[in-house]
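Colleague: build me a model:
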Amino acid sequence: CRQGLPACCDNGTSGVVAEPEWGQPPAGGYGRPARLGGFAGGHAEYVRVPYADVGAFAVPESVSDERAVFAADAAPAGWYGAELGEVAPGDVVAVWGAGAVGQLTADAAVARGADRVVVVDDRDDRLRMVTGHDGVEALNHRYVDVLAELRERSGGRGPDVCVDASGALAAPGRWPVAEPDGGAALREAVHACRKGGVVVVLGARPGFVDRFPLGAFADKGLAVRAARRRGSAAIPALLERMARDELVTEHLATHRMPLERGAEGYALFRDRADGCVRVLFTP
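Modeller: Predicted coordinates for the structure are as follows:
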């Protein structure tokens, strides 16, 4: 906390089985299994909020609930991705994954002055949402050679910053999780990135990713930075952006359901079915 990294708290959880695989226990948070440091009640009418003196913030009156809810998770992750990548004016940025985190990473890169932002995915419905963002381009890797396209769009060098926001494959009941195919986006990001560039890994990576291209990573002199999200430190500034309409997020809630349909909503999200990007549950 003294270093401004509340998302790295050592004291928020206990008895976390992930500790042997990660070396240290993860910080606590909502929306995760108890074995990974999850707090109870993330989908309930009332919840207990640990450390509320540092982790709860007032939502401005002008910000709707549907917009503000994204300040709790997806927006901090996406904007932190651009920050970790040190996106600067004139940069070319590539983002793998057109979910909420990927789209918000693209928004943040544009806001930081990137000259070109390209989002890569295999879902046309999500990519159509991407092209609605000012200055953001879309690539469907089922139809194009992504590496060749990114070189073409970056003067032959490759993007300055490559962000893997693709998330992990669903593997219920398994720990640790090996992802022999789930690392495809990360491998492609390493190969695409220009020499001396930055590769950022965002989102849930619960276990191990095989076949990491260490040779390319070292020979190209890349920096790799990773985080699930910045945590509460970024939320006040994001809420202020939302109040000024500089950060619009409610369109990312593609489905709205009551809490009693939670299992159905999570199935849609897991399978990315029916154009689902995020499900908003209501009491």
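Colleague: what separation do you get for the residue nearest to the spatial centre of the chain and Pro258?
Modeller: Residue closest to the average C-alpha location in the chain (C-alpha atoms, centre = their mean): Val101, at 3.7 Å. In this view, Val101 and Pro258 are 25 Å apart by C-beta to C-beta, to the nearest Å. For every residue, glycine as well, the C-beta is placed using N, CA and C.
Colleague: quick one on the thing from earlier: elements contacting the one helix or strand the residue nearest to the centre of the chain maps to?
Modeller: Taking DSSP states H and E as the criterion, Val101 maps to helix 100-111. For helix 100-111, the packing partners by 3 or more C-beta pairs under 8 Å, 6 or more residues apart in numbering; DSSP states H and E come out as helix 74-84, strand 92-96, strand 116-121, helix 124-130, strand 136-140, strand 161-164.
Colleague: CA atoms of stretch 108-127 as PDB?
Modeller: What follows is stretch 108-127, C-alpha atoms only, in PDB (Å, rounded to 0.1, in the frame of the first residue of the first chain):
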ATOM      1  CA  ALA A 108      -6.900   4.100 -23.100                       C
ATOM      2  CA  ALA A 109      -4.300   3.800 -25.800                       C
ATOM      3  CA  VAL A 110      -6.200   6.300 -28.000                       C
ATOM      4  CA  ALA A 111      -6.500   8.600 -25.000                       C
ATOM      5  CA  ARG A 112      -2.700   8.500 -24.400                       C
ATOM      6  CA  GLY A 113      -2.100   9.600 -28.000                       C
ATOM      7  CA  ALA A 114      -1.400   6.400 -29.900                       C
ATOM      8  CA  ASP A 115      -1.200   6.900 -33.600                       C
ATOM      9  CA  ARG A 116      -2.700   3.600 -34.400                       C
ATOM     10  CA  VAL A 117      -4.600   1.000 -32.300                       C
ATOM     11  CA  VAL A 118      -5.500  -2.400 -33.700                       C
ATOM     12  CA  VAL A 119      -7.600  -5.000 -31.900                       C
ATOM     13  CA  VAL A 120      -7.300  -8.700 -32.900                       C
ATOM     14  CA  ASP A 121     -10.000 -11.300 -32.300                       C
ATOM     15  CA  ASP A 122     -12.000 -14.000 -34.100                       C
ATOM     16  CA  ARG A 123     -15.500 -12.800 -33.300                       C
ATOM     17  CA  ASP A 124     -17.000 -10.500 -35.900                       C
ATOM     18  CA  ASP A 125     -19.700  -9.300 -33.400                       C
ATOM     19  CA  ARG A 126     -17.100  -8.100 -31.000                       C
ATOM     20  CA  LEU A 127     -14.900  -6.600 -33.700                       C
END
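Colleague: spell out which residues sit in contact with the closest residue in space to Leu84 that isn't next to it in sequence, please.
Modeller: With C-beta to C-beta, 6 or more residues apart in numbering as the criterion, Leu84 has its nearest non-adjacent residue at 4.4 Å, and that residue is Arg225. Residues in contact with Arg225 (C-beta atoms under 8 Å, 6 or more residues apart in numbering) are Leu84, Gly85, Val198, Val199, Val200, Val201.
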